[in-house]
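Asker: A structural model of the following input is requested.
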Amino acid sequence: MYATSDEGFRDYVPGQEDWERVEGVCSFLEVFCDITKVVSGTQCPTSNLFLSEIRLVKEVIDKMIIHSNFHIREMAREMKLKFDTYWGETNLIISIGAVMDPRFKMKLPTFCFPTLYPMAGESEKNLTYLTNSLTELYQEYCFAERDISLEKNEISQVSSSDTNFMNEQGQTQTPQGMNDYEIFIRESGEIVEPTKSELKEYVSEKIIAPTSKFDALAWWKGNSSKFPILSKMACDVLSVPISTVASESSFSAGGRMIEPRRSCLKPETVEMLLCGAD
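Answerer: Prediction:
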C-alpha cells in the first residue's frame, strides 16, 4: 500500500525472501526474549533457574546452525562463538544452584549436561566434578557452623560460672533417674543414630512435583529446621546473580553517548551523562 502511494519506495518494497528472513529471525530471537524475562525478572530470579535456560540457548543455537536460511546460519555461528566463550566450561555455581532446587536436585544437571557438553565422557566428568565440589562446599559450611557453636559454648561457660559452682557443691544438672533411663534406652538399641549428612539426606529424598510458580527461598525457609546448615548454604548460593550487569543495560541507549557528534566529550562529562540516565 505504501508503494502505491509513494513511487520512490517501489524499488525498496520487501520481497518474499525478505519477509521469510524476518519471520525466521523473529522466531529465533523469541526464545532469547523469553529467557531474558526469566533471568532478569522481578519475581525472584534465583540461580536455580539459570541452568535449564542456558541449556535451551545451546539447543536452539545448535539447531539454527544447520538452518536452511543462510542469513540465520551465519547469525547462529556468530552467537555460538560467544556462547562457547562464556559457557564452554562448567559453570559451577549455577550447577550447584540447580541442585539446591528441590524440584531438580541432581536430575537437572544430568538432563542438561549432555546438551551443554556433548563430547564423549564430558557429561560424566562434569557430574563428578559437581558432586565433589558440592560436598566440599557443604563441609565448609559445617566447619563454619562448628566454629560458631564452639564460640557460643565458650560464652555460655563463662556466663554460667555460678551454676558450675553450685554443681561442684554436689548438685547434678541431670537427675539420676533420667541418666538411668538414657543408659537403658541406649543398651536396648532403640535409638537411631544419624548416619547421613544433611546434604546426603536432601539429595536422597524424592524431588517435589515441578511447578512454574515455585519459590526456592521460601521452601528452604520452611525446611530450615530440618536442614539447618544446608539451608544457609542454599540461601547463599541461590542469591548469586547470573550476571553483574542488568539485562536491561544490554539494550539501553548508554552506548550511544559517545558518537561522531560527541567524540570530544571529556570523560567527566560522559560519566555524568551515563550516571544521570541510570
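Asker: those helices in the stretch 1-150 of the chain, which residues are they?
Answerer: Ranges of helices in the stretch 1-150 of the chain, per DSSP state H, counting those that start in this stretch, are 2-5, 16-39, 50-64, 70-87, 92-99, 107-116, 122-159.
Asker: Format these as TSV; extra columns: mean neighbour count.
Answerer: No exception for glycine: its C-beta is placed from N, CA and C like everyone else's. Listed next are the helices of the stretch 1-150 of the chain as TSV, based on neighbours: other Cβ atoms under 10 Å:
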stretch	mean neighbour count
helix 2-5	10
helix 16-39	13
helix 50-64	18
helix 70-87	13
helix 92-99	21
helix 107-116	18
helix 122-159	13
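Asker: Ok, which of those comes nearest S212?
Answerer: Closest approach to S212 among these (Cβ to Cβ): helix 16-39, 10.5 Å.
Asker: So which elements touch the closest one?
Answerer: Contacts defined by 3 or more Cβ pairs under 8 Å, 6 or more residues apart in numbering; DSSP states H and E place helix 16-39 against helix 50-64, helix 70-87.
Asker: May I see the ones you listed arranged in a markdown table, with distance to T135 as well?
Answerer: Formatted as a markdown table, those follow (distance: least, Cβ to Cβ, whole Å):
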| stretch | distance to T135 |
| --- | --- |
| helix 50-64 | 19 |
| helix 70-87 | 24 |
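Asker: what about stretch 5-18, distance to the chain center?
Answerer: 48 Å (Cα atoms, centre = their mean, to the nearest Å).
Asker: For it, C-alpha coordinates in CSV please.
Answerer: Provided in CSV are the C-alpha atoms of stretch 5-18 (Å, rounded to 0.1, in the frame of the first residue of the first chain):
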residue,chain,number,x,y,z
SER,A,5,1.2,5.9,-2.8
ASP,A,6,5.0,6.6,-3.0
GLU,A,7,6.7,5.9,-6.3
GLY,A,8,10.1,6.4,-4.7
PHE,A,9,9.5,3.5,-2.4
ARG,A,10,8.7,0.9,-5.1
ASP,A,11,12.3,-0.1,-5.6
TYR,A,12,12.6,-0.9,-1.8
VAL,A,13,9.5,-3.0,-1.2
PRO,A,14,10.5,-6.1,0.8
GLY,A,15,10.2,-9.2,-1.3
GLN,A,16,9.0,-12.7,-0.3
GLU,A,17,12.6,-13.7,0.7
ASP,A,18,12.9,-10.7,2.9
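Asker: What are the contacting residues of it?
Answerer: 2-3, 22 (Cβ atoms under 8 Å, 6 or more residues apart in numbering).
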